[in-house]
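[1] got a predicted structure plus its sequence, pasted below:
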Amino acid sequence: MDIKQKILIIDDSQIDLPVSALLLKNKFQNAEIHMASSAASGLEWLLKHQHQLGQGLVILLDVRMPDMDGFEFLNAYELLPEEIKSNTRIIMLSSTLDPFDIQKAHNNKYVKTVLNKPLPVSDLANLLSDMQ
């Protein structure tokens, strides 16, 4: 699929992070894939690259992470410059079936949707096509 997209994966899993990146690279050959192994490093990456987001960035954000989870990331994200928020879309990834987490994610104004882990690349492809 020929989607020229920047994607930032924020996931603490040493297995899910590289596997998701590989799946995305195989599906979207022209995508620019970036990885952060914690919510804090994801926020740092956003601040460092805020002027290079261009046409937009999709953030794949894990719900459950130590130190700072996906919801704490969203609280910090809300305080970021408008330039970042207007050029990013967030899709949360969850391996939990906790309905409270799923509902909380859907209720957040920055979250476009929630996808189950492992990353369903075909579902993501459909979402990205709809967001173009």
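    Alright, I've got the coordinates. Numbers count the residues shown, from 1 in each chain.

[2] how about the helices in this protein?
    If DSSP state H is used as the criterion, the helices of the chain fall at 16-27, 39-48, 70-77, 82-85, 99-107, 121-131.

[3] buried residues, the helix or strand of the chain with the lowest mean pLDDT. List them.
    Every helix and strand of the chain was ranked by mean pLDDT, DSSP states H and E. The lowest is helix 121-131, at a mean of 78. By neighbour count on 16 or more other CB atoms under 10 Å, the buried set for helix 121-131 is 121, 124, 127-128. All C-beta atoms are positioned from the backbone trio N, CA, C, and that covers glycine.

[4] tell me the angle that helix makes with helix 16-27.
    Here helix 121-131 runs at an angle of 60 degrees relative to helix 16-27 (axes from the mean of the first three to the mean of the last three CA atoms, to 10 degrees).

[5] the spatially most central residue of the chain: what's it in contact with?
    Central residue of the chain (CA atoms, centre = their mean): residue 60, 1.6 Å from the mean position. Shown in contact with residue 60 (CB atoms under 8 Å, 6 or more residues apart in numbering): 7-11, 20, 91, 93, 115, 119, 124.
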